[in-house]
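>>> Curious how this folds, go ahead:
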Amino acid sequence: MLRKKTINVFLLPVIVISLLSLVNAGCRKDEINKDSSFHLSFSSDTVVFDTVFTSIGSQTQRLMVRNSSNQRVVISSVKLAGGSASPFRINIDGEAAFEVNDLEIGAKDSAFIFVKVTIDPNQQNNPLIATDSILFETNGNFQNVKLVAWGQDAHFFNHDTLNGDITFTADKPYVIYGMLVADSLCKINIEPGAKIYFHNNSGLLIKNGASIVVNGTLEDPVLFRSDKLGVDGQKLTDQWIGIEIEGGSSGNRFTYADIQNGKVGILLDASELSVEPRLILYNTVINNMVNYGLLSIQSNVWVLNCRITNCGGYTVALEGGSYDFRNCTLSNYWNESGRHYPSLLLGNNFYDQKGTLIASPLLNAYFGNCILTGNNEDEIEQDSMANVGFQFSFDHCLVQSNLYKSHSSSFTACKFNEDAKFVDPIKGYFELDTLSPAKDNASLSIIQNAPYLFPLTYDLKGTLRVGNDAGPDIGVYERIESK
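All right, here's what the predicted structure looks like:
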């Protein structure tokens, strides 16, 4: 015979009371917060769209709205202050609208609002700004988050090919989608102050027989950039392909150009060598490239008063040809990823498109008054084939390398393996500090003997190199101590 289980009646009240306590606690937690002093918190008090080019379409940003209380909260109204006239739109839980009512957020929970902006095409050449705000009403309490979008009309190219004589002006930016090709016999002339922006995986190709001349000035440089224009965007690398100049293209010149944030700054394909340089870089900056800053294959190039810095690969790679570098800063403090390449590659060979190794004599690579440094132990790589011309020389330079031990005759009046003492090279400030060994140690004759059309009397910022202190400085920047 089965015996019935006995129940301790004295425990029942305790169990019931405990269960009721849990239920009541749960109910209290699920109650709606009606406190009129309650404030929502936001991931940002301002949603900024750094630059939205007109006629592109739109950009979207995300705003997080947080409920920090232990109770549910019901937001009576979330709306755009500008209503239907606003260039902005909001999307909450998949619902696109100008206003959403009774938005509920659980205790200690968050909601996401997606904000979209579209700036219509217009005839304005100057930058414009669009503003609005999102208004929140909770328990009779009003809060707002500002919306700001910079926009501008632009010239657009979408996988286009240019022919004839083309001029880029500074009236409004140029935005490149895909590869912009300068076909044979095309001549691109870029006026001071022009801005050329490249979308992801876009680039510029100068074909055999074509050429590009960039005419920037100290006051109005020509910019080559990613089209991600905010501060964060300009810290990114690998945003666009770069500028490629095919073999057979000559007469190319970049003056006061500023080239940033791509895969490769400038790539010169192999070409027949001539007396005149096929590329001249003058007062130009190439910075923050994920691969090369300047890659030149079997070419004749002048690089005068230029800064080529902070690249994931070589800042400068010379694979055969003839070169003249004067008063340049070639330095690499890349910190975006592991760095495995020095600042400079000197080679007398290259691989063609089929992967065949081709001998290409390095007829002469001259470096005068240049800084060659970085955060590697040795910043020069030698890649020389036997029985192929391999000539280089450093004259009054600051060099971080031990190559001088095996090529002593190639170095004249140089300083070796000393800290250049830049202001902040990791952040891109390559101006000299007061104790830099580059100060007052440049050769005046190297400056005076520069090609007459490209004087080195002034540094990259327009500072006079001579007459202000004991002597000119090595590198692209002249430091003048304040009195």
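
>>> For the rest of this, base every contact and every neighbour count on C-alpha atoms.
Noted.

>>> Could you list the residues in contact with stretch 427-442?
If you take C-alpha atoms under 8 Å, 6 or more residues apart in numbering as the criterion, stretch 427-442 is touched by 309-310, 329, 369, 371, 396-398, 418-424, 469-475, 477-479, 481.

>>> Let's see that with 7 Å instead.
With contacts defined as C-alpha atoms under 7 Å, 6 or more residues apart in numbering, stretch 427-442 is touched by 369, 396, 398, 420-424, 470-474, 477, 479.

>>> Restricted to strands, list those.
398, 422-424 (DSSP state E).

>>> I'd like those residues written out as TSV, with pLDDT added.
Below are the ones in strands among the contacts of stretch 427-442 laid out as TSV (pLDDT from 0 to 100):
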residue	pLDDT
Leu398	98
Phe422	97
Val423	96
Asp424	95
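
>>> Tell me which two of the residues you listed sit farthest apart.
Farthest-apart pair in the ones in strands among the contacts of stretch 427-442 is Leu398 and Asp424; separation 17.4 Å (C-alpha to C-alpha).

>>> Reduced to three states, what does the residue lying closest to Ser68 once chain neighbours are set aside come out as?
Spatial nearest neighbour of Ser68, chain neighbours left out: Lys108 (4.9 Å); criterion: C-alpha to C-alpha, 6 or more residues apart in numbering. Under DSSP: H, G, I helix; E, B strand; the rest coil, Lys108 falls in the coil class.

>>> secondary structure element for the residue nearest to Val100 when sequence neighbours are not counted?
When the adjacent residues along the chain are set aside, Val100 lies closest to Val78, with 5.2 Å between them (C-alpha to C-alpha, 6+ apart). Using DSSP states H and E, Val78 sits in strand 73-80.

>>> just for the stretch 151-300 of the chain, where's the confidence low?
Scanning the stretch 151-300 of the chain for pLDDT under 70 picks out 229-238.

>>> Identify each of the helices in it and give its residue range.
Taking DSSP state H, counting those that start in this stretch as the criterion, the stretch 151-300 of the chain carries its helices at 231-235.

>>> domain parsing for this structure?
41-151, 154-448 (automatic domain parsing).

>>> Which residues does Arg62 form beta bridges with?
Phe114 (DSSP bridges).

>>> What is the burial count for it?
For Arg62, the neighbour count with other C-alpha atoms under 10 Å is 15.

>>> State the pLDDT value of it.
The model reports Arg62 with a pLDDT of 91.

>>> How far off centre is stretch 276-283?
24 Å (C-alpha atoms, centre = their mean, to the nearest Å).

>>> repeat for stretch 332-345
Taking the mean of its C-alpha atoms, stretch 332-345 sits 16 Å from the chain's own mean (C-alpha atoms, centre = their mean).

>>> one step back: how about the contacts made by the residue nearest to Val100?
Contacts of Val78 by C-alpha under 7 Å, 6+ apart are 99-101, 134-137.

>>> Could you rerun that using 8 Å?
By C-alpha under 8 Å, 6+ apart, the contact set of Val78 is 99-101, 103, 134-137.

>>> Cheers, nothing more for now.
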